[in-house]
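**Q** 3D model of this:
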Amino acid sequence: MAIHRLSFKGLPISLALLPLLVLYLTTLQTIPNGSSHYFMIDVGETLIVLNEWGSLHPTGYPLFVISGSALTAIMRNMGFTALVAPALVSLLWGMLALRLLYMLALRLAFTPLLAAGAVFLFGLTRTVWIHNVIAEIYSFNLLLLLLLLYLTFTPKSGTRQLYLLALVGGIALGHHRAFLTLIPPLLYALWPVLRGSGKRMPKLLLASLLLGLAGFLPYLWPLLRARAGAGWVYGAPTALSDLSDVVFASEYSRFIGLPATLPDLLRNVQQVNDVIIRELSLPGILLGCAGLLLASLAGRRSARTIMLVALCAWLFHAGFYRDILSALILPITLSLVFGWLFLADALHKTRLGFPAAPVILVLAVLAPSIQLLGQNQPFVRQLTSDPAGLETIAALEAAPAGSTVMLAWGPRYLAASSAQLYLDRLDEIALVDHNADMEAAFLSNNLMTPNFTFFNQPQEWWESRLGQPVWLEGAGPGLVRLRPAPVIRDAGHHGITDHDTRVHCSTPELVLEVLWNAGENPPPNDFSVFVKTFAADGKLLAQGDQFAPVYGLRPTSKWLENEQVLDFYPVKVTPDNVYRVEYGLYRSEADGNFQNVLERALQPAC
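**A** This is a model prediction of the structure:
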């Protein structure tokens, strides 16, 4: 009988967590991330840091890094890959957080069915879901947030509770400064304990402050790792003074501060509100607010505390932070979910709707669950399976052996680094970011970069960075070589022409390689390039036109006399299907028509 009761007691939370776990595992990040969505910006860095026992960007998150690195090492020893283990660390923290949410709901006297329903719905929200399946810090944030609330609402309030909260609060604040917004709600909740301490209050506060400061001791980690010469230690701090930029995150101060104008404030408010509406829907927000308000008016101190949690986080986010920060979104959505619980509990204690209460409860959970599932599963799957990282790795594999390839620090650079570290790919190139010293590679004609780099680092940036003019030519499909001087070859002809043309068929798409020469009289006009592929029956298969050579970066009007420009034209077509390739140059006329100025055709041996 006891075993039966124990099994039934664990049934509601099991029914909530097991489906969530299945959903999370089917959307888990298992490939190098290349997405530039704000959820994913730091995923590649976190993945590498946890595998390499390094440290993250400011504010460093050292406790997360230490514990996550240890868990990653354990999981890799269990057979999980370096790409999967860090995401499983996030999943572990996330599942523990959801379990703690259930325990907190029970502590606040909600029924197990209500608590399990709230856990299931909260687990389907976008911010919770995505951070449970990627290598990021915010599932750990959620765990600490729920632990603080769980300790706050302990049945036996007293000095011990205050000290324990001070210790855990210091750990949380040392992990992420967003926990500063939790101080007012917790002080409100603990005020009866502080007021009852009488003359001991200064002593209690001082002791609590000292316990809280202990939460910053993990910041010795990046210092010790940097001194040991470890890689992937952000900023490489070797003295305590070097840690200040990490601890205070001075490089991100641009995101914090009062809006300069009223329109800026309104834009912040709308930005935050849009995210919360997307998370819970407008009706869900209104119901959550109604539940918190009704319970607060009924005198429930827990409801007032939780309402303060949401209010403080929202006020700071809307009034002082100029970007979207999940560490501030999660307290708001969590509080509104508790609002649902308070509202459901109030209805449960009335005579309305009963004995149909179980049916109403099921429908109240089922309807928003379907909506959240349909809205968030495709979104999360799209982010975790974004091919940009794999595409970047494949593109860099075309770089000549021994070359130095620059990728600006970000998701694509981190994806390529992951390939070198854990996939045994890109071993023949030196990968650097935009802060590296590239002069030696540049002077030896070995400096390459993908063509998309020039959107953020145009040719002027390169010339300023390298201190001299830069000449561009193709280095492979999607790759550009940067030269310190043009290549001049007297081809013995009057105008622009091509020679040494090749077709590469060994890649998933056909690639046309052309060596152009400007001739003795370079064209004064800008010519575009056409590349067409045809089947044996003459059917046009695909085109790979460019409005200027070298991915639009080298207008022909700027070519020098007898300048030689190597170029590549990838065409999205299966090479084996191509019978004939036509290519050449054309110009746009004033009347909108096009005139070919050079035409060539060849039959590739694919």
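**Q** the longest helix seen in the chain: which residues count as buried?
**A** The helix spanning the most residues in the chain, taking DSSP state H as the definition, is helix 357-384. For helix 357-384, a neighbour-count test (16 or more other C-beta atoms under 10 Å) marks 361, 364-365, 368-369, 372, 375-377, 379-380, 383-384 as buried. In short, each C-beta sits where N, CA and C put it, glycine included.
**Q** what sits against residue 408?
**A** Contacts for residue 408 (C-beta atoms under 8 Å, 6 or more residues apart in numbering) come out as 433, 434, 453, 456, 457.
**Q** same question for residue 192.
**A** residue 157.
**Q** based on its surroundings, how many neighbours for the closest residue to residue 467 other than its chain neighbours?
**A** The shortest distance from residue 467 to any non-neighbouring residue, by C-beta to C-beta, 6 or more residues apart in numbering, is to residue 439 (8.0 Å). For residue 439, the neighbour count with other C-beta atoms under 10 Å is 14.
**Q** residue 439 contacts residue 466, correct?
**A** Yes - using C-beta atoms under 8 Å, residue 439 is in contact with residue 466, at 6.4 Å.
**Q** next, show the common contact partners of these two.
**A** With C-beta under 8 Å, 6+ apart, residue 439 and residue 466 have no common neighbours.
**Q** helix, strand or coil for residue 134?
**A** coil (DSSP: H, G, I helix; E, B strand; the rest coil).
**Q** didn't it look like it was pressed against residue 43?
**A** Yes - using C-beta under 8 Å, residue 134 is in contact with residue 43, at 5.0 Å.
**Q** need the helices for the stretch 251-400 of the chain, in chain order.
**A** Listed in chain order, the helices found in the stretch 251-400 of the chain under DSSP state H, counting those that start in this stretch are 262-280, 282-297, 301-320, 326-348, 357-384, 388-396.
**Q** may I see the buried residues of the first one?
**A** Judged by neighbour count (16+ other C-beta under 10 Å), helix 262-280 contains these buried residues: 268, 272, 275, 276, 279, 280.
**Q** turn these into CSV, including distance to residue 99 and pLDDT.
**A** CSV is the format used below for those (distance: C-beta to C-beta, whole Å; pLDDT from 0 to 100):
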residue, distance to residue 99, pLDDT
268, 34, 93
272, 28, 95
275, 26, 96
276, 24, 97
279, 21, 96
280, 21, 94
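**Q** tell me which of those residues is nearest to residue 545?
**A** residue 275 (40.1 Å; C-beta to C-beta).
**Q** quick one, what contacts residue 327?
**A** Applying C-beta under 8 Å, 6+ apart, the residues contacting residue 327 are 138, 141, 176, 178.
**Q** what residues does the helix or strand where residue 441 lies touch?
**A** Residue 441 belongs to helix 439-443 when assigned by DSSP states H and E. Residues from elsewhere that reach helix 439-443 (C-beta under 8 Å, 6+ apart): 403, 404, 430, 447, 466, 467, 470, 482, 483, 484.
**Q** most surrounded residue in these?
**A** residue 447 (26 neighbours).
**Q** with adjacent residues omitted, what lies nearest to it?
**A** With C-beta to C-beta, 6+ apart as the criterion, residue 447 has its nearest non-adjacent residue at 4.2 Å, and that residue is residue 441.
**Q** how much space separates that neighbour from residue 398?
**A** As judged by C-beta to C-beta, to the nearest Å, residue 441 and residue 398 stand 17 Å apart.
**Q** export the helices of the stretch 251-400 of the chain as CSV, with columns for distance to residue 521.
**A** As requested, the helices of the stretch 251-400 of the chain are exported to CSV (distance: least, C-beta to C-beta, whole Å):
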stretch, distance to residue 521
helix 262-280, 55
helix 282-297, 67
helix 301-320, 62
helix 326-348, 60
helix 357-384, 51
helix 388-396, 35
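**Q** worst mean pLDDT among those?
**A** The minimum mean pLDDT among the helices of the stretch 251-400 of the chain belongs to helix 357-384 (a mean of 83).
**Q** now do it: which elements does it pack against?
**A** For helix 357-384, the packing partners by 3 or more C-beta pairs under 8 Å, 6 or more residues apart in numbering; DSSP states H and E come out as helix 2-26, helix 112-124, helix 126-131, helix 326-348.
**Q** dump the residue contacts of the closest residue to residue 446 other than its chain neighbours.
**A** Nearest non-adjacent residue to residue 446, counting by C-beta to C-beta, 6+ apart: residue 403, 4.8 Å away. The neighbourhood of residue 403, defined by C-beta under 8 Å, 6+ apart, consists of 429, 430, 441, 446, 447, 448, 475.
**Q** quick check, pLDDT for residue 403.
**A** 96.
**Q** neighbour-wise, which one of the contacts of residue 408 leads?
**A** Going by other C-beta under 10 Å, residue 453 tops these with 20 neighbours.
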